[in-house]
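**Student:** Okay, here's the prediction I keep looking at, along with the sequence it came from:
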Amino acid sequence: MSISVREVTKLYGSQKALDNVSFEVKTGEIVGFLGPNGAGKSTMMKIITGFIPASSGTVLVNGTGITSDNPELRRTIGYLPENNPLYPEMYVREYLGFVSSLYGITADKKRIDGIIEVTGLSPEHRKKIGSLSKGFRQRVGLAQALIHDPQVLILDEATSGLDPNQVAGIRNLIRDAGREKTVMFSTHIMQEAEAVCDRIIIISNGKIMADELKENIHSVTGRTRQVIRTEFDRPADQAMLLNIRNVVSAKHVSGNQWIIEAEGQEDVRPLIFSFAVSNNLAVISLQKEESNLEEVFRLITGG
């Protein structure tokens with residue numbers, strides 16, 4: 001089950017929330033949809049799920065146009081919206097049964113038990129939703145997105161309000177779902193996207209700024225950059241470090257440790273070693289670090 005977004009624009013009055021957005025998500029692919037607040041992430045997800053229409057452009061799910069009056073197609077989609085609207089007066093099990101009926105299916109006890117277990121709701125499943133913590137309410141939202149066994153899963157800030165242990169559990173759940181479902185999720189946690197995604201899409205000001213496989217996302221910045229963490233046996237002079245070829249930054253961390261940044265294809269580590277030898281310094285450690293997704297995100301979105 002694939003998602004195809006073609007030249008989608010969304011206007012709210014004179015404000016352009018989405019500007020000619022196009023991308024595809026393939027079956028069995030987990031795509032992280034990243035962007036600053038107000039970039040258009042939630043608007044795009046609402047259009048994909050049929051909750052709001054696009055001003056122009058098309059959205060196809062498995063080759064069929066998504067509309068609000070196509071219940072059969074919408075039944076193939078599981079959606080966890082950002083604000084996670086729930087019925088606080090309903091019990092957890094009661095609510096999941098109710099959501100199932102909205103999709104025109106009858107979720108038996110075995111199905112509900114399975115979803116409760118996989119989303120970690122077992123300790124709280126006999127309670128009313130209104131009495132649950134924010135983290136457990138988020139899990140209820142995830143459970144309702146999964147209860148009808150959808151082929152497409154759209155998750156908007158799925159781990160919002162969860163503690164680190166709960167986040168790890170939801171990450172595993174998303175990975176497992178990605179083996180047989182098409183998964184698209186938004187998050188503000190870059191480490192989460194790096195841990196879970198096959199592909200990264202970055203949106204800013206309603207426009208797609210990057211769409212790459214996770215391992216290639218660093219290439220979109222157009223910068224060849226190296227970050228070297230090194231430690232000498234004695235204090236080093238910052239001005240002299242900056243004189244090393246291709247080095248653009250030398251930041252003192254603590255003790256005799258430095259973070260050195262260099263540009264260009266040439267590996268700067270042999271140059272740092274030669275610098276140390278020339279200045280009677282011993283190199284205790286010399287480690288190259290990859291630039292992370294958070295850095296790429298800031299560069300692309302102007303942060």
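**Tutor:** Thanks, I have the structure now. Numbers count the residues shown, from 1 in each chain.

**Student:** OK, contacts around the spatially closest residue to residue 112 that is not a sequence neighbour?
**Tutor:** Counting by Cβ to Cβ, 6 or more residues apart in numbering, the nearest residue to residue 112 once its immediate chain neighbours are dropped is residue 96, at 5.2 Å. To be clear about C-beta, it is placed using only N, CA and C from the backbone, and glycine gets the same treatment. With contacts defined as Cβ atoms under 8 Å, 6 or more residues apart in numbering, the neighbours of residue 96 are 107, 112, 115, 116, 140, 143, 144, 147.

**Student:** Look at residue 96 and report its pLDDT.
**Tutor:** Taken from the predicted model, the pLDDT recorded for residue 96 is 95.

**Student:** can you check residue 227 too?
**Tutor:** At residue 227 the predicted local distance difference test score is 85.

**Student:** Just the CA trace of the longest helix seen in the chain, in CSV.
**Tutor:** The helix that spans the most residues within the chain, counting by DSSP state H, is helix 164-178. Provided in CSV are the C-alpha atoms of helix 164-178 (Å, rounded to 0.1, in the frame of the first residue of the first chain):
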residue,chain,number,x,y,z
PRO,A,164,12.3,7.2,27.7
ASN,A,165,11.2,3.6,28.4
GLN,A,166,7.8,4.2,26.7
VAL,A,167,9.5,6.0,23.8
ALA,A,168,11.7,2.9,23.2
GLY,A,169,8.6,0.7,23.2
ILE,A,170,6.8,2.8,20.7
ARG,A,171,9.9,2.9,18.5
ASN,A,172,10.0,-0.9,18.4
LEU,A,173,6.3,-0.9,17.6
ILE,A,174,6.8,1.4,14.7
ARG,A,175,9.7,-0.7,13.4
ASP,A,176,7.6,-3.9,13.6
ALA,A,177,4.7,-2.2,11.9
GLY,A,178,7.1,-1.0,9.1
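
**Student:** ok so, going back, now, which of the contacts of residue 96 sits nearest residue 204?
**Tutor:** Sorting the contacts of residue 96 by how near they are to residue 204, with Cβ to Cβ, puts residue 144 at the top with 30.3 Å.

**Student:** how close does the closest one get to residue 17?
**Tutor:** 26 Å (Cβ to Cβ, to the nearest Å).

**Student:** quick one: which of these two has more around it?
**Tutor:** Looking at residue 144 and residue 17 with other Cβ atoms under 10 Å, you find the greater number of neighbours at residue 144, namely 25 against 20.

**Student:** Skipping its backbone neighbours, what lies nearest the more buried one in space?
**Tutor:** Setting aside the residues directly before and after it, residue 144 is nearest to residue 99 in space (Cβ to Cβ, 6+ apart), at 4.5 Å.

**Student:** which residues touch the closest residue to residue 36 other than its chain neighbours?
**Tutor:** Setting aside the residues directly before and after it, residue 36 is nearest to residue 301 in space (Cβ to Cβ, 6+ apart), at 5.4 Å. Listed by Cβ under 8 Å, 6+ apart, the contact set of residue 301 reads 35, 36, 39, 202, 204, 209.

**Student:** other SSEs contacting the one helix or strand residue 44 maps to?
**Tutor:** Counting by DSSP states H and E, the element that carries residue 44 is helix 41-48. Applying 3 or more Cβ pairs under 8 Å, 6 or more residues apart in numbering; DSSP states H and E, we find helix 41-48 packed against strand 3-12, strand 15-25, strand 30-34, strand 56-61, strand 152-156, strand 182-186.

**Student:** any low-confidence regions in this structure?
**Tutor:** Judged by pLDDT under 70, the chain has its weakly predicted residues at 1, 68, 221-224, 290-291, 303.

**Student:** Show me where it has its helices.
**Tutor:** Using DSSP H, the helices of the chain run over residues 41-48, 71-74, 92-102, 109-118, 134-146, 164-178, 190-196, 238-241, 269-278, 293-301.
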